[in-house]
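**Q** build me a model:
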Amino acid sequence: MNFERMLDQAKQLDGRTVSIAGAADVEVIRAVKLATDHGLSRFKLIGDAREIKRLCDEHDIDEDAVDIIHVKGDKNIAKRATLAVRTGEADVLMKGMVATSTFMKAVLSRETGLRTNRTLSHIALFQIPNRERLIGVTDAAIHIAPTLDEKVEIIHNAVAAMHDIGYASPKVAAIGAVEVVNPQMTATLDAALLSQMNRRGQIKGCVVDGPLALDNAVDMVAAKQKGIASEVAGQADLLLVPYIEVGNVLYKSMMYFAGASVAAIVVGAAAPVVLTSRADTAEAKLYSLAFALLHAKK
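**A** Numbering: from 1, shown residues only. Next up, the predicted model:
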């Protein structure tokens, strides 16, 4: 699986709509242009209508592919965009130029948002140069220091998303600093428990192993040197990080040191959420939209 194949799959979906909170931004509009040129979806562009219209005209976006809705103020913009998904006007919610805290408050609102009884979590997919397959990282954005129960939910969310892009049984590596259980390192204890829970059928749809250090999770030579015999070691599809700092540094290292392309979404809500950053390129937003649309297909 790579991003081009993911885009091709997303193009096969009919009648999908994305609601964007705060669309009056050049990088957002560039992503909309790429998406409409690929025939990926329609868009509801919410925010300053005059500025959105100017940017759409500047980028020659097909008027029939977008609905522009004029709303003032970040709070109202985020609420209206979220409500469009809640009421079925759109299938995916995307953050544009609104504050992340304001956006997430709208998502989590019990009255007008997308909150469910599930835990929300973040999953990023990376396409690394000279590497054939995508690799996922979860959770690098929401959970600061997840409990064992939260890690179970994070795995469930990420595995469901990976199923929707074609991974029948993702190989999940529970990452630690070492590949052996150390009672003084909570991450290794949790990893061992998650592995056992998977073996007993408490975590389904995937294969979980850990603790695994990063090198022996993704490199077969490193795994063999350590004498690790596992379905996951050396060939992990998904890296479960123990803390947000680990995920954040790994995420940014992939992008800035490895030159990886990224797609990232928030899962566990009533619909997928594309939580973009200003630093994200239009291409990253496009790949994230494709990922979200595939996860929303049911």
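**Q** identify the residue nearest L212 in space, chain neighbours excluded?
**A** Spatial nearest neighbour of L212, chain neighbours left out: A173 (4.6 Å); criterion: Cβ to Cβ, 6 or more residues apart in numbering. For glycine as for every other residue, the C-beta is placed from the backbone atoms N, C-alpha and C.
**Q** make that A78, sorry
**A** Nearest to A78 is A106, by Cβ to Cβ, 6+ apart, at 3.7 Å.
**Q** which residues touch that neighbour?
**A** Residues near A106 by Cβ atoms under 8 Å, 6 or more residues apart in numbering: A21, K75, A78, K79, A81, T82, T112, G113.
**Q** and the strands in the chain?
**A** In the chain, the strands defined using DSSP state E lie at 17-21, 42-47, 66-70, 92-95, 121-127, 135-138, 171-175, 207-212, 238-240, 261-267, 273-274.
**Q** can I get those in JSON lines including mean neighbour count?
**A** Putting the strands of the chain into JSON lines (neighbours: other Cβ atoms under 10 Å) gives the following:
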{"stretch": "strand 17-21", "mean neighbour count": "28"}
{"stretch": "strand 42-47", "mean neighbour count": "26"}
{"stretch": "strand 66-70", "mean neighbour count": "18"}
{"stretch": "strand 92-95", "mean neighbour count": "28"}
{"stretch": "strand 121-127", "mean neighbour count": "25"}
{"stretch": "strand 135-138", "mean neighbour count": "24"}
{"stretch": "strand 171-175", "mean neighbour count": "27"}
{"stretch": "strand 207-212", "mean neighbour count": "26"}
{"stretch": "strand 238-240", "mean neighbour count": "27"}
{"stretch": "strand 261-267", "mean neighbour count": "25"}
{"stretch": "strand 273-274", "mean neighbour count": "26"}
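**Q** out of the ones you listed, which comes closest to P183?
**A** Among these, the nearest to P183 by Cβ to Cβ is strand 207-212 (12.1 Å).
**Q** which outside residues touch that closest one?
**A** Strand 207-212 is touched from outside by 155, 169-176, 178-181, 187-188, 191-192, 194-195, 197-198, 228, 230-233, 236, 240, with contacts defined as Cβ under 8 Å, 6+ apart.
**Q** make a ChimeraX selection of the buried ones in those residues.
**A** In ChimeraX syntax, the buried subset of the contacts of strand 207-212 is picked out as below (16 or more other Cβ atoms under 10 Å):
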select :155,170,171,172,173,174,175,176,179,187,188,191,192,194,195,197,198,228,230,232,233,236,240
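**Q** filter the contacts of strand 207-212 down to the ones in helices?
**A** Under the assignment DSSP state H, the contacts of strand 207-212 contribute I155, A187, T188, A191, A192, L194, S195, M197, N198 to helices.
**Q** who's the most centrally placed residue in the chain bridged to?
**A** By Cα atoms, centre = their mean, the chain has its centre lying nearest to I265, at 2.4 Å. Per DSSP bridges, the residues bridged to I265 are I123.
**Q** check contacts around C206.
**A** Listed by Cβ under 8 Å, 6+ apart, the contact partners of C206 are I155, V159, M162, S169, P170, K171, V172, N198, L238.
**Q** in TSV: those residues, plus distance to R42 and pLDDT.
**A** TSV is the format used below for these (distance: Cβ to Cβ, whole Å; pLDDT from 0 to 100):
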residue	distance to R42	pLDDT
I155	33	98
V159	29	98
M162	26	96
S169	34	97
P170	30	97
K171	36	98
V172	34	98
N198	39	97
L238	31	98
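**Q** out of the residues you listed, flag the one nearest to H70.
**A** Nearest to H70 among the contacts of C206, counting by Cβ to Cβ, is M162 at 37.8 Å.
**Q** excluding chain neighbours, what is closest to that closest one?
**A** Per Cβ to Cβ, 6+ apart, closest to M162 is P170, 4.6 Å.
**Q** I'd guessed that neighbour sits against I135; true?
**A** No. At 10.2 Å, P170 and I135 do not qualify as touching, with contact defined as Cβ atoms under 8 Å.
**Q** what touches both of those two?
**A** Common contact partners of P170 and I135 (Cβ under 8 Å, 6+ apart): D237, L238.
**Q** how much space between the nearest residue to L238 once chain neighbours are set aside and D57?
**A** Once flanking residues are discounted, L238 sits nearest to G136: 4.1 Å by Cβ to Cβ, 6+ apart. Separation of G136 from D57 (Cβ to Cβ, to the nearest Å) stands at 38 Å.
**Q** next one: S277
**A** 26 Å.
**Q** which one's more surrounded, these two?
**A** Summary of the neighbour comparison: S277 and D57, criterion other Cβ atoms under 10 Å, with S277 having more neighbours (13 against 10).
**Q** gap between stretch 122-135 and the chain center?
**A** 12 Å (Cα atoms, centre = their mean, to the nearest Å).
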